[in-house]
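J.: curious how this folds, go ahead:
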Amino acid sequence: MTDSKYFTTTKKGEIFELKAELNSDKKEKKKEAVKKVIASMTVGKDVSALFPDVVNCMQTDNLELKKLVYLYLMNYAKSQPDMAIMAVNTFVKDCEDPNPLIRALAVRTMGCIRVDKITEYLCEPLRKCLKDEDPYVRKTAAVCVAKLHDINAQLVEDQGFLDTLKDLISDSNPMVVANAVAALSEIAESHPNSNLLDLNPQSINKLLTALNECTEWGQIFILDCLANYTPRDDRESQSICERVTPRLSHANSAVVLSAVKVLMKFMEMLPKDLDYYGTLLKKLAPPLVTLLSAEPELQYVALRNINLIVQKRPEILKHEMKVFFVKYNDPIYVKLEKLDIMIRLASQANIAQVLAELKEYATEVDVDFVRKAVRAIGRCAIKVEQSAERCVSTLLDLIQTKVNYVVQEAIVVIKDIFRKYPNKYESVIATLCENLDSLDEPEARAAMIWIVGEYAERIDNADELLESFLEGFHDESTQVQLQLLTAIVKLFLKKPTETQELVQQVLSLATQDSDNPDLRDRGYIYWRLLSTDPVAAKEVVLAEKPLISEETDLIEPTLLEELICHIGTLASVYHKPPSAFVEGSRGVMHKRLPARTGSGEGTECPDVGNAAGGSAPEAAPSIIPSQGDLLGDLLNLDLAPPTTAGPTPSTSGMQMGGMDLLGGGLDSLLGGDIGGSPAMGAGFGAAPAVMPASLNAPVGGGLGDLFDLGGGVGMPMGAYIPPKTVWLPAMKAKGLEISGTFARRAGVIQMELVLTNKAMSVMTDFAIQFNRNSFGLAPAGPLQVLTPLGPNQTIEVSLPLSTVGPVMKMDPLNNLQVAVKNNIDVFYFSCQYPISMLFVEDGKMERQVFLATWKDIPNDNESQFQIQDCHLNSEAASNKLQGSNIFTIAKRTVEGQDMLYMSIKLSNGIWVLAELKVQAGNPNYTISLKCRAPEVSQCVFQCYEAVLKN
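T.: As a prediction, this is how the structure comes out:
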């Protein structure tokens, strides 16, 4: 008979009966009673009253009964911690049982009982099980260490379990190795800065040996661990790839994706001219294709990962287009994903095949899918120029079907084709105009209006067409209203005599009768342009438009690199980094692909500015930075460069937080003559604005000497950390005293807190939150106070901070308002952080860029300060400042006075340039600071003073 009978009883007074049965002398009766207890517990009845009786049943040799009792114990130990201590002796005894299954069961249950009082009693049994002769017990104990670390990290470190775990990586049993790796990876995730998995060629070799023999989940743990390793050179990289490649033929798709992740990462280090590189590309295609024959949910995950792989290395799947053709019974989410990949793989070689497929899809019944298929035809036309004509004729055939939503999508994509290939396909405009009445979607109406306005001179009745839209102007969406306003102004500039009345009508509708600020602003701009200078209006409104490219939906290169490192995880399905959807400290570590070493190529990284005189790297697709990156968000500061005429500044030189603070871009600064550049307008080419005295040397001989770093810059000292101060006195916080300071270590900002309990009661449940502040400082994880804080106890906590929080300008600029919560109340205080915490490690500017930038920043932005009583020579001062990421670019001596030229970059992309004058024997220094955001100068000066005097 099955165990279902235990779930059918609803008797009253059951607890009393069970109590009696649990204390019965008969083993069978006891087992029946425990089963009934577990059944009641499973359906949600409270059977915690039976805790002592069930625990008494632990003393048995029957494995089944022991498992049931342990199950009960895991469930109720948290609510009955005092009773749970009764079970400790049995655990200790069971950990020495001759049966390895019982030893493993005991250690597994110990790890699941999350009760602080018990954990310290479990250390000794756990230590024995980690060194047990049976591998099954050792592998279970390895996972138990990770669970125990989650409950009490300090205890695990003090007991030396982490070192034992590291030793298990060298274990003879592959499953023990896999579990040790899994446990260490889990612990390392919650402590991003600890170097727990200290991977070296020897340990990697052990992992690769274990990889062939352990279970599929063990293989995934090992492969994920390998993906975090950076090989020393291309030879080691190739060797690892060769040993990982057999995993590509595994039946489990998770193993395949983990292997693909390792290979994609290590391929970065292989020279492209290597034979093995080509072989590896060929080997990667079949397993990815095989994943597409699984069930739809797995297909979708595979397709989302393939989408990333194709963006990074399209050559892997360039011959596999057919597997991405849509099947009639594919769910819509699979169809749309396949469509996206088809367009990414479209090329001149396969475009005929692709277009035939897309045309077929456009006659399907699923509206969303048809729309996407029509858009895909347009994207193909833009991507593969040779196919544009065929695409346009395909789109015209679709328009002839007169299916409303097909026509509307076709018009939207034809507008983009006109933008890409001007003066080529305008003959189709007549056909488009025939379908004007059937358009009811804002995007299609806006596209049609744009076409009529843009090509008004070719359409005889353009004014009538636009007038027909104008009749219901206020019922249109904003998108259509804006487009209609622009189109009628274009029409007026092309046919002024016939359309004067029409343009006045639309301008009055847009400005006087509209509530929409965007529409009103655009209306007023056109009105003023037309009334003051029609020639200028023509140049602005009818200016030549830049050609569009297909690659607008590519993932931004740095994000793509990070996502490639997360293949096979949720991040690869969401196409977002883990930090975007994982709360707490996990996911804060940003992974990057390694640099290529084998050939002379640099990393494919968009952030690398080209050095002076070097050739510019190939421009990466320009991506609009996310809201958090925009410097405009910063402090509501006015960061615009000086107003100048001339073309829009290029920003290919150095990405500074999403905006080029240098106004003209580094390319223009370094374009030949340092003195001036056309991109900077007249002001830049003219005599330089007031500069540091020593920079006014004649250009001929002076520049070479000025940037002669002959003196050299010695070794930097450690970063300056201010002494701890009391931020929240105990009197104001019901006995909780908080003191602390800020530090920057290995690029991570830390808030170092000391919490002291001066009250009579225990404090628990600590949490912390920051108010919006000038630089977006926010906790990067929870406040890790893992044990209750007893009376007169003190605890030191280090809280990692990120700079991606919400921004609001504070007064003073470096003020931080903090709220700390515990089980007693919420307390508020404010403190000031040294701005040097925000000085980043890549703040050393190129010499010529420094000179050009100094000239370019307006004189009004220069501030001068005195640092008194400082007895360091220029060499020592430079070394000390470099420890805090204040970099010396150049040094020059003029009449016994040392001039140090320095650059600083803040975490939000603001650059600060400095000139420090040091006179031998004079304890007073003079410092001049120049910055586009002069508000930060005072804080930067305070940092100079603090660093040099401490």
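J.: contacts and neighbour counts: CA atoms only from here.
T.: OK.
J.: what's near enough to touch the spatially most central residue of the chain?
T.: Nearest to the geometric centre of the chain sits Pro577, at 4.1 Å (C-alpha atoms, centre = their mean). By C-alpha atoms under 8 Å, 6 or more residues apart in numbering, the contact set of Pro577 is 559, 562-563, 571, 587.
J.: ok, the residues you listed vs Glu364, which is closest?
T.: Ala571 (32.0 Å; C-alpha to C-alpha).
J.: looks to me like the closest one is in a helix.
T.: Yes - counting by DSSP: H, G, I helix; E, B strand; the rest coil, Ala571 falls inside a helix.
J.: what about it, distance to Asp842?
T.: 28 Å (C-alpha to C-alpha, to the nearest Å).
J.: same thing with Leu280?
T.: Distance from Leu280 to Asp842, by C-alpha to C-alpha: 35 Å.
J.: who has more neighbours, those two?
T.: Leu280 (18 against 12; other C-alpha atoms under 10 Å).
J.: and the helix or strand in which the more buried one is found, what's buried?
T.: Assignment of secondary structure by DSSP states H and E places Leu280 within helix 275-291. Buried residues in helix 275-291, counted by 16 or more other C-alpha atoms under 10 Å: 276-277, 280-281, 283-285, 287-289, 291.
J.: before we move on, what about stretch 43-54?
T.: So for stretch 43-54, counting by 16+ other C-alpha under 10 Å, buried means 47-48, 50-51, 53-54.
J.: please apply the same query to stretch 936-950.
T.: Within stretch 936-950, judged by 16+ other C-alpha under 10 Å, the buried ones are 936-937, 939-941, 943-948.
J.: pull the CA atoms of it into PDB?
T.: In PDB, the C-alpha atoms belonging to stretch 936-950 read as follows (Å, rounded to 0.1, in the frame of the first residue of the first chain):
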ATOM      1  CA  VAL A 936      34.400  70.300  -7.100                       C
ATOM      2  CA  SER A 937      37.600  72.400  -6.800                       C
ATOM      3  CA  GLN A 938      37.200  73.300  -3.100                       C
ATOM      4  CA  CYS A 939      36.700  69.600  -2.200                       C
ATOM      5  CA  VAL A 940      39.700  68.500  -4.300                       C
ATOM      6  CA  PHE A 941      41.900  71.200  -2.600                       C
ATOM      7  CA  GLN A 942      40.800  69.800   0.800                       C
ATOM      8  CA  CYS A 943      41.900  66.300  -0.400                       C
ATOM      9  CA  TYR A 944      45.300  67.700  -1.500                       C
ATOM     10  CA  GLU A 945      45.800  69.200   1.900                       C
ATOM     11  CA  ALA A 946      44.700  66.100   3.800                       C
ATOM     12  CA  VAL A 947      46.900  63.700   1.700                       C
ATOM     13  CA  LEU A 948      50.000  65.900   1.800                       C
ATOM     14  CA  LYS A 949      49.800  66.700   5.600                       C
ATOM     15  CA  ASN A 950      49.100  63.100   6.800                       C
END
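J.: His149 - nearest residue in space that isn't next to it in sequence?
T.: Leaving aside its sequence neighbours, His149 sits nearest to Val156 (C-alpha to C-alpha, 6 or more residues apart in numbering; 5.7 Å).
J.: give me the helices and strands touching the helix or strand harbouring that neighbour, please.
T.: Per DSSP H and E, Val156 falls inside helix 153-158. The contact analysis (3 or more C-alpha pairs under 8 Å, 6 or more residues apart in numbering; DSSP states H and E) places helix 153-158 against helix 135-151.
J.: which residues does the helix it packs on contact?
T.: The contact list for helix 135-151 (C-alpha under 8 Å, 6+ apart) reads 100-101, 103-104, 107-108, 110-112, 114, 116, 119, 126, 129-132, 155-156, 161-162, 165, 173, 175-177, 179-180, 182-184, 186-187, 786.
J.: just to revisit the earlier point, quick one: which of the buried residues of stretch 936-950 is nearest Ile414?
T.: Val936 (49.5 Å).
J.: now the element after the helix holding Val156, going C-ward?
T.: Counting by DSSP H and E, what follows helix 153-158 is helix 161-168.
J.: now the helices for the stretch 851-950 of the chain?
T.: Here the stretch 851-950 of the chain has its helices, by DSSP state H, counting those that start in this stretch, at 874-882, 937-949.
J.: tell me the buried residues in the helix or strand where Leu398 lies?
T.: Counting by DSSP H and E, the element that carries Leu398 is helix 388-400. Residues of helix 388-400 classed as buried by neighbour count (16+ other C-alpha under 10 Å): 388, 391-392, 394-396, 398-399.
J.: elements contacting the strand or helix carrying Glu409?
T.: Taking DSSP H and E as the criterion, the element that holds Glu409 is helix 404-420. Judged by 3+ C-alpha pairs under 8 Å, 6+ apart, helix 404-420 is in contact with helix 367-383, helix 388-400, helix 442-454.
J.: need the contact partners of the helix or strand just after the last one.
T.: Which is helix 442-454. Downstream of helix 442-454, the next assigned helix or strand under DSSP H and E is helix 462-470. By C-alpha under 8 Å, 6+ apart, the residues outside helix 462-470 that reach it are 449, 452-453, 456, 484, 487-488, 491, 499, 502, 506.
J.: so what touches the helix or strand just after helix 462-470?
T.: The helix or strand immediately downstream of helix 462-470 is helix 478-494, counting by DSSP H and E. Residues outside helix 478-494 that contact it (C-alpha under 8 Å, 6+ apart): 442-443, 445-446, 449-450, 452-454, 456-457, 462-463, 466, 469-470, 473-474, 498-500, 502-503, 506-507, 510, 516, 519, 522-523, 526, 538, 541-542.
J.: the helix holding Leu398 vs helix 404-420, what angle?
T.: 150 degrees (axes from the mean of the first three to the mean of the last three C-alpha atoms, to 10 degrees).
J.: run the chain-centre distance for helix 388-400.
T.: Taking the mean of its C-alpha atoms, helix 388-400 sits 40 Å from the chain's own mean (C-alpha atoms, centre = their mean, to the nearest Å).
J.: what's the answer for stretch 535-545, then?
T.: 40 Å.
J.: pLDDT (mean, whole number) over it?
T.: Across stretch 535-545, the average pLDDT comes to 86.
J.: residue ranges of the strands in this protein, please?
T.: 725-728, 736-745, 748-757, 767-770, 778-779, 794-802, 815-821, 826-832, 862-867, 887-894, 897-905, 911-919, 925-931 (DSSP state E).
J.: which residues are contacting the shortest one?
T.: Surrounding strand 778-779, the residues in contact under the criterion C-alpha under 8 Å, 6+ apart are 768-770, 799-805.
J.: which of those are buried?
T.: Buried, going by 16+ other C-alpha under 10 Å: 768, 770, 799-805, out of the contacts of strand 778-779.
J.: before we move on, back to that, could I get the helices and strands packed on helix 404-420 as TSV with distance to Gly883 and mean pLDDT?
T.: TSV is the format used below for the helices and strands packed on helix 404-420 (distance: least, C-alpha to C-alpha, whole Å; pLDDT from 0 to 100):
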stretch	distance to Gly883	mean pLDDT
helix 367-383	49	88
helix 388-400	57	87
helix 442-454	55	89
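J.: adding distance to Ser203, write the ones you listed out as a markdown table.
T.: Shown next, in a markdown table, are these (distance: least, C-alpha to C-alpha, whole Å):
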| stretch | distance to Ser203 |
| --- | --- |
| helix 367-383 | 46 |
| helix 388-400 | 54 |
| helix 442-454 | 58 |
